[in-house]
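**Q** Got a predicted model here, sequence first, then my questions.
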Amino acid sequence: MTTLKSVNIRHRESFTRLERFAVWITNHIGTMGFFFIILTWTMFWLFWNVFTPPDFRFDVVPAFALWLFISNMIQLFILPLIMIGQNLQGRHAELQAENDFEINLKSEKEIETILSELKKQGELISKISKRLEKEKF
């Protein structure tokens, strides 16, 4: 009987350094923590550039051109990494499905073997009980 290696370990071992980075980004950006970081940064940026004295403002109200530029750059860099991470996670799901299929096949073969043995045992028990009945009479 062959031992199956964990699909999670096989999947992780197949990653390149850049793929690990993409998965890390995907796992961390899809969290409430990251949302609150972006929300806090945006609120601070807008508050600073609306309510501080004009000499201290660095992004013109109401355009916020620098804020829009930086936000767009973040999106341009993060979105492809998220897509790569999702593709890798999809590959993991495929590996998991293959692994489940292999386990199901093994289980089916083992069940068939067990049922075959039980049938043989049933036949033997039947023969033995018939002999015992003949010997009683």
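**A** Sure, I can see it.
**Q** Strands of this protein, residue ranges please.
**A** Applying DSSP state E to the chain gives no strands.
**Q** residue ranges with poor pLDDT in it?
**A** Within the chain, the ranges that satisfy pLDDT under 70 run 1-5, 137.
**Q** Now with 50, please.
**A** Residues of the chain that meet the criterion pLDDT under 50 are absent altogether.
**Q** just the helices in it please.
**A** 7-13, 17-29, 32-51, 65-136 (DSSP state H).
**Q** Now distance to residue 57 and mean neighbour count too, for those helices, in TSV please.
**A** All C-beta spots, glycine's among them, are computed from the backbone N, C-alpha and C. Compiled in TSV, the helices of the chain are given as follows (distance: least, CB to CB, whole Å; neighbours: other CB atoms under 10 Å):
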stretch	distance to residue 57	mean neighbour count
helix 7-13	47	13
helix 17-29	29	15
helix 32-51	5	12
helix 65-136	11	12
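**Q** distance of the residue nearest the centre of the chain from residue 13?
**A** Taking CA atoms, centre = their mean as the criterion, residue 89 is the residue nearest the geometric centre of the chain, at 5.0 Å. Distance of residue 89 to residue 13, given as CB to CB, to the nearest Å: 16 Å.
**Q** still on that earlier bit, verify the contact between the residue nearest to the centre of the chain and residue 26 for me.
**A** Yes. The pair residue 89 / residue 26 is scored as a contact, 7.1 Å apart, by CB atoms under 8 Å.
**Q** residues touching the residue nearest to the centre of the chain, list them.
**A** By CB atoms under 8 Å, 6 or more residues apart in numbering, the residues touching residue 89 are 23, 26.
**Q** repeat that with 10 Å
**A** When contacts are counted by CB atoms under 10 Å, 6 or more residues apart in numbering, residue 89 touches 11, 22-23, 26-27.
**Q** Out of those residues, flag the one nearest to residue 126.
**A** Nearest to residue 126, judged by CB to CB, of the contacts of residue 89 is residue 11 at 50.2 Å.
**Q** wait, what's in contact with that closest one?
**A** 23, 88-89, 91-96, 99.
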